[in-house]
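Trainee: My questions are about this predicted structure, shown below with the sequence.
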Amino acid sequence: MKQRSVFLLFVVCFAFLLHPAAQNSSADALATAQKVIRPEQIRAHIRFLADNLLAGRAPGTPGYDIAAHYVATELEGMGLRPGASGGWFQPVPLQTAVTDRSASSLVLTVKGKEQKLTDAKDYVLSTWFASPGGGNKKTAESDVSAPLVFVGFGVTAPDQHYDDYAGVDVRDKIVVSLYGAPATFPSTERAYYSDGIVKARNAVAHRAVGILELLTPEDQKRYAWEWLVPQIQVGEMHWLGTDNIPHDFFPEIRGKALLSRQGAELLFAGAPKSLDEVFATAQAGKSQSFALPASAHIHTVAAQGTIHSPNIIAELKGSDPTLRDQYVVYTAHVDHLGICPAVEGDNVCHGAIDNGSGTSTLLEIARAYSSLPTPPRRSILFVFVTGEEMGLLGSDYFAHFPTVPLKSIVANVNIDGAPGIYFPMKDVVALGAEHSSLGADSSSAGKTLGYSLSPDPMPEEVAFIRSDQYSFVLRGIPAVDISDGINAIDPKINGLEVIKKWLVTRYHTPLDNMDQPIDFDSAAKGAVMNFLVGYQIAQHDQAPEWNKGDFFGATFGPHRLAEKAEE
């Protein structure tokens, strides 16, 4: 009996050595993260990233490159491995274009009367790219004249039994549509159908040649025209594929513009429905479309070029021999807007919260992982991306050209604004978690740290498609973004009011700086939450799965399966 006991002890010890991850319980890993992730270090990172020296960290600028090298230096100091081919950096080729406003124009013809609209007052043009890729061209030019057809939100959503294009022919027409999607749609589906790329693709499928977009009264309250115009005038970027063609750019749409309320009123003079009636129908969630008694001539000239701006990637190899070739990917975007319209004499968009805070907390999450006695079972990639503010460009490029096989990426945990950065919270919002088994991981981690999970409190912001987790969803990978809840521990704080005020006073302005109220202790706790979500995913026997019948799993999962077969 004694010999048998010794043998069994040997077997147990041998198995323990084969699976060293067993040495770390979730409680031990959590304790390490809580010890390592310090508010003082988060503050120090943000202070550097938001400094005037970096001039707002716009992609392709020295300020962004300084930030990228800072991040890589920190990762190297933690003892992590470079995760890109040949080092820490994955170059992302970007085509840039800025509209030449003096050479561009928008002219309406309503009831036979021609009227030239005023730039920045009646409209603001989206830019144009020469295709394919522009080659050596420094100027891109497009011209389109066509009748106008109103198509509601411009949404075709079979899963929601909704189609704004039903019963109307827009072939060789310029479509006029409302920003967003029906509020009657579920939150994340509403976000998906609000995506400008989805809408443009739908317009192309219906053979439209141009797009004019309008804001609803609700959107006008959230996005002041004076704030929107410079955001659009700064220009556009698209990443370039191996074919040298800008990704997700549709040359079939030969002109696009956003109209102010004043500009929109001109379109609907004598239309079958007034603008107010259109807004009321949209608010009711009903599809609508009709021809307008007007045509438009859109002429766009743009200066274009090519830049390179890197993603920064680090790897922590997993400890389980059978699972270490699978990856949990953390993301946070390093870039911001660069130089902006001045506020109180300051013209640098510092991006302290957006997303200096996300970058800073991800650095400390990486430090916590590197401090574990034994790595988690699955491997971890820490991907600090570029070009998020220009359309999720760095994360989308990585998702199309990953540094590990796409099929080996099991989940994405994204950080866009450190959760808890505004005030200590009772709850968090796990954007996208409801679509997959990541919901259970988010709930479990939240419960451990004393957070409840709340639904998206501002579905009108369509946040699900506006940050880097969406790039992974589009490639069939379950993803989650843990963001701020609205229930503050301090009953005197109205959390929703605080966040909404920040969005309309500091978001994408120079006032997102180190002088604003920032709760670093609460942000450190939120970082631990993000650590624990990813750690749990990395430890599970089974990889995350889409929920049965889920819209995003059904829409994008088959594409991923097809890619697996090809690989």
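Mentor: Alright, I've got the coordinates.
Trainee: tell me what the helix or strand harbouring Thr109 is packed against?
Mentor: Secondary structure from DSSP states H and E places Thr109 in strand 105-110. Here strand 105-110 touches strand 113-116, helix 261-267, strand 290-316, going by 3 or more Cβ pairs under 8 Å, 6 or more residues apart in numbering; DSSP states H and E. In short, each C-beta sits where N, CA and C put it, glycine included.
Trainee: Find the nearest non-adjacent residue to Glu213, please.
Mentor: Nearest non-adjacent residue to Glu213, counting by Cβ to Cβ, 6 or more residues apart in numbering: Leu258, 5.0 Å away.
Trainee: Would you enumerate the residues in contact with that neighbour?
Mentor: Listed by Cβ atoms under 8 Å, 6 or more residues apart in numbering, the contact partners of Leu258 are Tyr123, Val124, Ser126, Tyr179, Leu212, Glu213, Leu214, Leu215, Leu228, Ile232.
Trainee: Need the winner for burial among the helices and strands packed on strand 105-110.
Mentor: strand 290-316 (a mean of 21; mean count of other Cβ atoms under 10 Å).
Trainee: Now for Val209, how many residues are close by?
Mentor: 20 (other Cβ atoms under 10 Å).
Trainee: For Ser443, give me phi and psi.
Mentor: Note on Ser443: backbone dihedrals following degrees, to the nearest 10 are phi -60, psi -40.
Trainee: count of neighbours near it?
Mentor: Count around Ser443 with other Cβ under 10 Å applied: 16.
Trainee: for Asp100, same thing?
Mentor: Asp100 has 17 neighbours, counted by other Cβ under 10 Å.
Trainee: Quick check: beta-bridge partners of the nearest residue to it once chain neighbours are set aside?
Mentor: Once flanking residues are discounted, Asp100 sits nearest to Val301: 4.4 Å by Cβ to Cβ, 6+ apart. Beta bridges link Val301 to Glu141 when assigned by DSSP bridges.
Trainee: Helices of the stretch 451-567 of the chain, start to end?
Mentor: 469-473, 495-505, 520-539, 551-566 (DSSP state H, counting those that start in this stretch).
Trainee: State the mean pLDDT of the last one.
Mentor: For helix 551-566, the per-residue pLDDT values average out at 69.
Trainee: how much space is there between Lys273 and Ala84?
Mentor: Distance, Lys273 to Ala84, by Cβ to Cβ, to the nearest Å: 53 Å.
Trainee: Who has more neighbours out of those two?
Mentor: Between Lys273 and Ala84, Ala84 has the larger neighbour count (other Cβ under 10 Å), namely 19 against 15.
Trainee: what's the distance between that one and Leu75?
Mentor: Counting by Cβ to Cβ - Ala84 and Leu75 are separated by 11 Å.
Trainee: what sits in contact with each of those two?
Mentor: Shared contacts of Ala84 and Leu75, defined by Cβ under 8 Å, 6+ apart, are found at Ile312.
Trainee: Confirm that Arg57 sits in a strand.
Mentor: No: counting by DSSP: H, G, I helix; E, B strand; the rest coil, Arg57 is located in no strand; its state is coil.
Trainee: so who does it touch?
Mentor: Counting by Cβ under 8 Å, 6+ apart, Arg57 makes contact with Leu49, Gly63, Tyr64, Ala67, Val334, Asp335, His336, Gly338, Gly351.
Trainee: okay, now the first one: neighbour count?
Mentor: Taking other Cβ under 10 Å as the criterion, the count of residues near Leu49 is 27.
Trainee: residues contacting the nearest residue to it once chain neighbours are set aside?
Mentor: Once flanking residues are discounted, Leu49 sits nearest to Gly356: 4.0 Å by Cβ to Cβ, 6+ apart. Taking Cβ under 8 Å, 6+ apart as the criterion, Gly356 is in contact with His45, Ile46, Leu49, Ala50, His336, His350.
Trainee: Spell out the secondary structure type for Gly356.
Mentor: Under three-state DSSP, Gly356 falls in the helix class.
Trainee: Ok, Asp276 next?
Mentor: Under three-state DSSP, Asp276 comes out as helix.
Trainee: how near is it to Arg261?
Mentor: According to Cβ to Cβ, Asp276 and Arg261 sit 11 Å apart.
Trainee: can you check Asp481 too?
Mentor: Asp481 is 32 Å from Arg261, where distance means Cβ to Cβ.
Trainee: Now do the buried residues in the host helix or strand of Ala445.
Mentor: In this structure, Ala445 sits in helix 438-449 according to DSSP H and E. Buried residues in helix 438-449, counted by 16 or more other Cβ atoms under 10 Å: Leu438, Gly439, Asp441, Ser442, Ser443, Ala445, Gly446.
Trainee: how many neighbours does the closest residue to the first one other than its chain neighbours have?
Mentor: Meaning Leu438. Using Cβ to Cβ, 6+ apart and skipping residues adjacent in sequence, the residue nearest Leu438 is Val480, 4.7 Å away. Neighbour count for Val480, taken as other Cβ under 10 Å: 28.
Trainee: hang on, the earlier thing: so who does the residue nearest to Asp100 touch?
Mentor: Per Cβ under 8 Å, 6+ apart, neighbours of Val301: Thr99, Asp100, Ala103, Ser104, Trp128, Thr139, Ala140, Glu141.
Trainee: Give the bridge partners for Arg81, please.
Mentor: Residues in beta-bridge contact with Arg81 (DSSP bridges): Glu315.
Trainee: just the one 10 residues further on next, same as before
Mentor: Beta bridges link Pro91 to Pro310 when assigned by DSSP bridges.
Trainee: wait, what's in contact with it?
Mentor: Counted by Cβ under 8 Å, 6+ apart, Pro91 has contacts His308, Ser309, Pro310.
Trainee: ok, those vs Ser187, which is closest?
Mentor: Checking the contacts of Pro91 against Ser187 by Cβ to Cβ gives Ser309 as the nearest, at 31.5 Å.
Trainee: Could you check how far the closest one is from Met237?
Mentor: 9 Å.
Trainee: which residues are common contacts for the two?
Mentor: The contact sets of Ser309 and Met237 overlap at Pro59, Leu94, Gly387 (Cβ under 8 Å, 6+ apart).
Trainee: For Ile42, list the residues it contacts.
Mentor: Ile42 is in contact with Ser357, Ser360, Thr361, Glu364, Ala418, Phe520, Ala523, Ala524, Ala527, counting by Cβ under 8 Å, 6+ apart.
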